[in-house]
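> What follows is a predicted structure for the sequence shown.
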Amino acid sequence: MRVGRSAPGLAARDFEHRARTEPKQRFANHAAALIVPKTRLGIRTRNLTARVLLTRR
């Protein structure tokens, strides 16, 4: 088996894979920060937003 021959193909695949997955991972990090805020203000904001969105009719 020759290892060196597949390296360019794997590098290209890795580049394409990262280009597709990184934006989704960034979004997931932002969504997680909204669900689990770090500060009291963040918790209050999340709870108020949830209350407003869930009680609208």
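Sure thing, it's come through.

> how close does residue 50 get to residue 56?
For residue 50, the distance to residue 56 (CB to CB, to the nearest Å) stands at 11 Å. Yep, even glycine has a C-beta here, placed from its N, CA and C like the rest.

> How about residue 34?
Note on residue 34: its distance to residue 56, by CB to CB, is 18 Å.

> Between these two, which has more neighbouring residues?
residue 34 (11 against 6; other CB atoms under 10 Å).

> so residue 34 sits right up against residue 46, yeah?
Yes - using CB atoms under 8 Å, residue 34 is in contact with residue 46, at 6.5 Å.

> what's the spacing between the residue nearest the centre of the chain and residue 20?
Nearest to the mean C-alpha position of the chain, counting by CA atoms, centre = their mean, stands residue 28 at 2.3 Å. Separation of residue 28 from residue 20 (CB to CB) stands at 14 Å.

> Of all the helices and strands in the chain, which has the lowest average confidence?
Least confident helix or strand of the chain, by mean pLDDT, DSSP states H and E, is helix 7-35 with a mean of 87.

> For the following helix or strand past that helix, C-alpha coordinates in PDB please.
Once the chain leaves helix 7-35, the next helix or strand it forms, by DSSP states H and E, is helix 40-55. Only the C-alpha atoms of helix 40-55 are listed here, as PDB (Å, rounded to 0.1, in the frame of the first residue of the first chain):
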ATOM      1  CA  ARG A  40     -27.800  36.200  35.400                       C
ATOM      2  CA  LEU A  41     -28.700  38.700  32.700                       C
ATOM      3  CA  GLY A  42     -28.500  36.000  30.100                       C
ATOM      4  CA  ILE A  43     -30.700  33.700  32.200                       C
ATOM      5  CA  ARG A  44     -33.300  36.500  32.700                       C
ATOM      6  CA  THR A  45     -33.200  37.300  29.000                       C
ATOM      7  CA  ARG A  46     -33.700  33.700  28.000                       C
ATOM      8  CA  ASN A  47     -36.500  33.200  30.400                       C
ATOM      9  CA  LEU A  48     -38.300  36.400  29.400                       C
ATOM     10  CA  THR A  49     -37.900  35.500  25.700                       C
ATOM     11  CA  ALA A  50     -39.200  32.000  26.200                       C
ATOM     12  CA  ARG A  51     -42.200  33.300  28.200                       C
ATOM     13  CA  VAL A  52     -43.100  35.900  25.500                       C
ATOM     14  CA  LEU A  53     -42.700  33.400  22.700                       C
ATOM     15  CA  LEU A  54     -44.600  30.600  24.500                       C
ATOM     16  CA  THR A  55     -47.600  32.800  25.600                       C
END
